[in-house]
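K.L.:
Sequence plus predicted model, see below.
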Amino acid sequence: MSENIRVRFAPSPTGYLHVGGLRTALFNYLFARKNKGKFILRIEDTDRSRYVEGAVENLIETLKWVGLDYDEGPDVGGEFGPYFQSQRLELYHKYAKELIDKGYAYYAFDTPERLKQLREEQLKKKLQPKYDKRDLYLSKEEVKKKLEAGEPYVIRLNVPPSEKVIVTDVIRGTVEFNTDIIDDQILIKSDGYPTYHLANVVDDHLMKISHVIRGEEWLPSTPKHVLLYKYLGWELPVFAHLPLLLNPDRSKLSKRQGDVAVEDYKAKGYLKEALINFVALLGWNAGDDKEFYLMDELIEKFSLEGVNKAGAVFNIEKLNWLNGEHIRFKSAEELLPLVKEEYEKSEYANLNLSDEYLLKIINAMKERVEFVKDFIYTCKYFYEAPKEYDENVLRKRWKADTPEHLKTLLDEFKKLENPAKEDFEQTLRATAEKLGIGAGKLIHPVRLAVSGVGKGPGVFDLLYIIGKDEVIRRIETALEKIKTEEN
C-alpha cells in the first residue's frame, strides 16, 4: 500500500479508555505501521454534556503507556489540526450551510415536546421512530423569519425515501441499507455543536483519512455518512467495522461483568505488552495458532483481512496466561525495576533489600508467576521467616525421626563457609546418605522449616537465596515450634 494510508483513532473524552477503544486504537496503529502510513489521534469533544474533565489527559497518558505513539494529535500537532473537534466549529457550519444550499439538509425548529409526542405516536402504531420531515417544507421566507426571531433550531440531513445505500466493508463485505429506515439525522444541534455524523465525515475528509477502522456499533450509522460524502462531492474512505467484544456469556462487554477500563488492568499489574498482545487477538488472527506476540511481530503480521466478523470473547484466563508468558520472556534485569516498584509499595520495603537479592528471587520465581506482584506475595518466605507451618505438609512430611535428622543436617550446614547452591545440595545429600535415608526425607522437612509451605522454587535455590545464617535460624525455630505444637 502507498504512503497515503492515513487512519485515526477518534475517542470522546467521556471517561476512561475502554478496552474496546484500546482495540480500535491498536488495530488502526498496527495498520498504519504495517503500511508505512500515519496514525492520527483526534478528540471528538462536541458532546459537551458528556465531557469529563481530565479525560483527554488520561487518554493520552494511557495510549503512551501501551506504546501507541501517534504521528499527529492534540499534543504533537500536525498539518491537519486542530485535533479537537470543539476547535473546528466553523468548518462544520460551513459544510452544513453548503448542504442546506444544495437541498441536502434543512433547518428544523421543533420543540422537544413535539418530538416526544411524534415518537410516542409512532411507537403506538408500531412504526420505527423517525423525524417526519415537517420542517423540510417550510418556505425560505418562513425559515428566514424564524431564524431572525432567534427560534432554536437544529440542522437535519435530508435523507431521500426508498433508495438503497451500499456500504462496502473490508470485514463485512457488501452491506445494503434502505433509506426508508434511516432517520433525517441531526447534523448541527441546537447548541451549535455538530453531531458525530457531520463532524466525523468533515474531519475524515479534511484530514485525508484513507481507512475508517472502528467498532461494529457504527455500522448502522455508516449509510448516513455515505450520503454525506456523496452530497459533499467527496471520495469515500475504505470502511472496516471491527467485531463486538463479548463477555464469556456472549453478552456485550460491559462494566457490569468486570473491568472494562485500561487503567483497571494497569492498576491490577498487567504488563502493557501482555495487554496489547491479548487485545490484538480479540477478533484477529494471523491464520495460525500462534498466541504470543510482541508489538513488532503484530505490526509485521497484521492485516484487516485477518479480522473476523464474529464477536470476540474477552477471556480473562487467557490474559492472565499471557501476562505470565510476557514476564517469562523478559530478563531478570528487565523485570527488576517492575519488581522493585511492587516491593517498595509492600510491607517489606523497610528491609532495604539489595538489587542482587531481588534478582535472585526473580530468577528463582520467574517460571512460577503470572503477575509481577507474585514475586512478593506468593513467596513471602524470601522476605520473612514463616509464622506458621502448613498443616497438611506437616502431617505428610514431618515424621517422628525428622527432628533428629534435621539436627544432624544443621551441624553440617554450620560447617559451611559462604555456601553456594551446590554446597547446600552436596551437604544435604551426603547427610542423607550418612543417615541411611532418601534425600527426600530431608528435602521436604527443610523446605517446610524454611518456608512454612510444601511447594515453591527448587529447595537448594531457596536455601542459597535466604542464606546460611537465616536457614540455620529458621530450622532451629521450626524444631522448637513444631515440637511445642505437637505436645
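P.N.:
Structure's in. What do you need? Numbers count the residues shown, from 1 in each chain.
K.L.:
Lys145: helix or strand, and which one exactly?
P.N.:
According to DSSP states H and E, Lys145 maps onto helix 140-148.
K.L.:
who does that helix touch, helix- and strand-wise?
P.N.:
strand 105-108 (3 or more CB pairs under 8 Å, 6 or more residues apart in numbering; DSSP states H and E). C-betas here are computed from N, CA, C, even on glycine.
K.L.:
Show me what the strand it packs on packs onto, helices and strands only.
P.N.:
Judged by 3+ CB pairs under 8 Å, 6+ apart, strand 105-108 is in contact with helix 89-102, helix 140-148, strand 154-157.
K.L.:
average model confidence for it?
P.N.:
Mean pLDDT, computed over strand 105-108, is 98.
K.L.:
All the strands of the chain, in order from the start?
P.N.:
6-9, 38-41, 105-108, 154-157, 164-169, 173-178, 186-188, 211-215, 238-242, 245-246, 312-313 (DSSP state E).
K.L.:
Output those in JSON lines; the columns should cover distance to Asp374.
P.N.:
Shown next, in JSON lines, are these (distance: least, CB to CB, whole Å):
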{"stretch": "strand 6-9", "distance to Asp374": "33"}
{"stretch": "strand 38-41", "distance to Asp374": "34"}
{"stretch": "strand 105-108", "distance to Asp374": "59"}
{"stretch": "strand 154-157", "distance to Asp374": "55"}
{"stretch": "strand 164-169", "distance to Asp374": "43"}
{"stretch": "strand 173-178", "distance to Asp374": "45"}
{"stretch": "strand 186-188", "distance to Asp374": "52"}
{"stretch": "strand 211-215", "distance to Asp374": "34"}
{"stretch": "strand 238-242", "distance to Asp374": "33"}
{"stretch": "strand 245-246", "distance to Asp374": "27"}
{"stretch": "strand 312-313", "distance to Asp374": "26"}
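K.L.:
Please identify the deepest-packed of those strands.
P.N.:
strand 6-9 (a mean of 26; mean count of other CB atoms under 10 Å).
K.L.:
Average pLDDT for it, rounded please.
P.N.:
On average, strand 6-9 scores 98.
K.L.:
if you compare the helices and strands packed on strand 105-108, which one is most tucked away?
P.N.:
Most buried among these, counting by mean count of other CB under 10 Å: strand 154-157, with a mean of 23.
K.L.:
What strands line up against it, and which way round?
P.N.:
In the sheet, strand 154-157 lines up against strand 105-108 (antiparallel), strand 186-188 (antiparallel) (DSSP bridges).
K.L.:
gap between the longest helix along the chain and the chain center?
P.N.:
Scanning the chain for the helix with the most residues, using DSSP state H, yields helix 468-486. How far helix 468-486 lies from its chain's middle: 47 Å, per CA atoms, centre = their mean, to the nearest Å.
K.L.:
And stretch 293-308, by the same measure?
P.N.:
16 Å.
K.L.:
Glu433 is nearest to which of the helices and strands packed on strand 105-108?
P.N.:
Judged by CB to CB, the one of these that comes nearest to Glu433 is helix 89-102, at 86.0 Å.
K.L.:
Sort out which residues of the lowest-mean-pLDDT helix or strand in the chain are buried, please.
P.N.:
Lowest mean confidence among the helices and strands of the chain (mean pLDDT, DSSP states H and E): helix 468-486, at a mean of 88. If you call a residue buried by 16 or more other CB atoms under 10 Å, then helix 468-486 has these buried ones: Lys468, Val471, Arg474, Ile475, Ala478, Leu479, Ile482.
K.L.:
How about stretch 446-456?
P.N.:
Within stretch 446-456, the residues that qualify as buried are Val446, Arg447, Leu448, Ala449, Val450, Ser451, Gly452, Val453, Gly456, counting by 16+ other CB under 10 Å.
K.L.:
which one among the residues you listed gets closest to Leu394?
P.N.:
Leu448 (6.7 Å).
K.L.:
What distance separates the opening and closing residues of stretch 185-192?
P.N.:
One end of stretch 185-192 to the other measures 15 Å (CA to CA, to the nearest Å).
K.L.:
what does that stretch contact?
P.N.:
Residues outside stretch 185-192 that contact it (CB atoms under 8 Å, 6 or more residues apart in numbering) are 48, 89, 92-93, 96, 99, 105, 108, 152-157, 159, 194-195, 197-198, 224.
K.L.:
got it, and stretch 393-410?
P.N.:
427-428, 431, 434-435, 437, 441-442, 444-446, 448-449, 453-454, 472, 475-476, 478-479, 482-483.
K.L.:
Could you do stretch 286-298 as well?
P.N.:
Counting by CB under 8 Å, 6+ apart, 30, 67, 273, 276-277, 280-281, 301-302, 306, 318, 322, 325-326, 329 sit against stretch 286-298.
K.L.:
try 7 Å
P.N.:
Leu30, Gly67, Glu273, Ile276, Asn277, Ala280, Leu281, Lys301, Gly306, Glu325 (CB atoms under 7 Å, 6 or more residues apart in numbering).
K.L.:
In contact with the residue lying closest to the third one once chain neighbours are set aside, which residues?
P.N.:
The one in question is Glu273. Computed as CB to CB, 6 or more residues apart in numbering, the closest residue to Glu273 that is not its neighbour in sequence is His326, at 4.7 Å. The contact partners of His326, taken as CB under 7 Å, 6+ apart, are Leu271, Glu273, Ala274, Asn277.
K.L.:
doesn't Leu236 make contact with Val212?
P.N.:
No - applying CB atoms under 7 Å, one finds Val212 not in contact with Leu236, separated by 9.1 Å.
K.L.:
Kindly tell me how buried the closest residue to Leu115 other than its chain neighbours is, as a neighbour count.
P.N.:
The shortest distance from Leu115 to any non-neighbouring residue, by CB to CB, 6+ apart, is to Tyr131 (7.8 Å). The burial metric for Tyr131, expressed as a neighbour count using other CB atoms under 10 Å, is 20.
K.L.:
Likewise for Leu416?
P.N.:
15.
K.L.:
and it, what pLDDT?
P.N.:
You'll see Leu416 listed with a pLDDT of 96.
K.L.:
likewise the one 4 residues further on?
P.N.:
Here the pLDDT value assigned to Ala420 is 96.
K.L.:
Could you do the one 10 residues further on as well?
P.N.:
pLDDT for Ala430: 98.
K.L.:
For burial, what's the neighbour tally of the closest residue to it other than its chain neighbours?
P.N.:
Closest residue to Ala430 apart from its sequence neighbours, by CB to CB, 6+ apart: Glu412 at 7.4 Å. Here the number of neighbours of Glu412 (other CB under 10 Å) works out to 15.
K.L.:
roughly how far apart are Glu412 and Phe424?
P.N.:
For Glu412, the distance to Phe424 (CB to CB, to the nearest Å) stands at 10 Å.
K.L.:
Likewise for Lys144?
P.N.:
Counting by CB to CB, the gap from Lys144 to Phe424 is 95 Å.
K.L.:
thinking again about what came up before, would a markdown table of the helices and strands packed on strand 105-108 with mean pLDDT be doable?
P.N.:
As requested, the helices and strands packed on strand 105-108 are arranged in a markdown table below (pLDDT from 0 to 100):
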| stretch | mean pLDDT |
| --- | --- |
| helix 89-102 | 98 |
| helix 140-148 | 97 |
| strand 154-157 | 98 |
